[in-house]
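Trainee: just to be clear, the model below is a prediction. Sequence and coordinates:
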Amino acid sequence: MTAMTSQPNERPGISPALAALRAATHELHADLDSRSPLTFALTRADYLDHAARVLGWMRPLEQALWPHWPDAEDALLRRGKSRWLEADLQAGPQVTADRPDCPAAPVANNLAEAFGIAYVAEGATLGGRVLYKRLKAPLEPLPLRWLQGYGEHTGERWAAFQRLLAEHVTTPEEIALAQAAAVRAFTSFRDWVLDTAPRQAVPT
């Protein structure tokens, strides 16, 4: 895994905090992308199982994360990801078993850690629209609300996140805290969603 140290800011327009977060999580990100079921041929049951796992990670994360956020109005725009996943699950067949929450979902102890965790949660929305276009037809009638993300406002919301990150995570100590939290978030996602979560019995 990449060492969690601040990296030189070599790209104009990229804050030192964002450059450091990318460096710290690069290998984890690449591993998750290579293993995600969304990158392979999948059935509606496969998608619903994946969405149920992601919900179990996202729900406790959102409950703990957004109260730390420095912009209350911005937080309101970001805190609905669990509802997106619930909308997809509700569009599928009735699931009788309770969907558990991840007991190791990351929790922020300070603002810098909140930004590290949010980097993972917000970054997950960026590739969704490409996946939505590819999977919409084969997975109908599921709405794939999770993959739609912020829709046409996805780029705008990511740019706003970058501005807040650059404003609030500036010192080497803050950047190191954000890096460590982002790594914890990626690791807990991998462990819960891809490795250790029990499969939900979601019929087609």
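Mentor: On my side now, so go ahead.
Trainee: how far does stretch 31-41 sit from the chain's center?
Mentor: Its chain's C-alpha centre and that of stretch 31-41 lie 14 Å apart, by Cα atoms, centre = their mean, to the nearest Å.
Trainee: in the host helix or strand of residue 23, which residues are buried?
Mentor: With elements taken from DSSP states H and E, the one containing residue 23 is helix 16-35. Across helix 16-35, burial judged by 16 or more other Cβ atoms under 10 Å covers 16, 17, 18, 19, 20, 21, 22, 23, 24, 25, 28, 32. Bear in mind the C-beta positions are built from the backbone N, C-alpha and C, glycine included.
Trainee: the second one and residue 166 touch, don't they?
Mentor: Yes. Residue 17 is within contact range of residue 166, at 6.4 Å (criterion: Cβ atoms under 8 Å).
Trainee: ok, residues contacting the top helix by length along the chain?
Mentor: If each helix of the chain is counted by residues according to DSSP state H, the longest one is helix 44-65. Outside helix 44-65, the residues that touch it by Cβ atoms under 8 Å, 6 or more residues apart in numbering are 37-38, 42, 79, 81-82, 85-86, 88-89, 92, 95, 99-102, 105-108, 114, 117-118, 121, 135, 139, 142, 144, 146, 185, 188-189, 192-193, 197, 199-200, 202-204.
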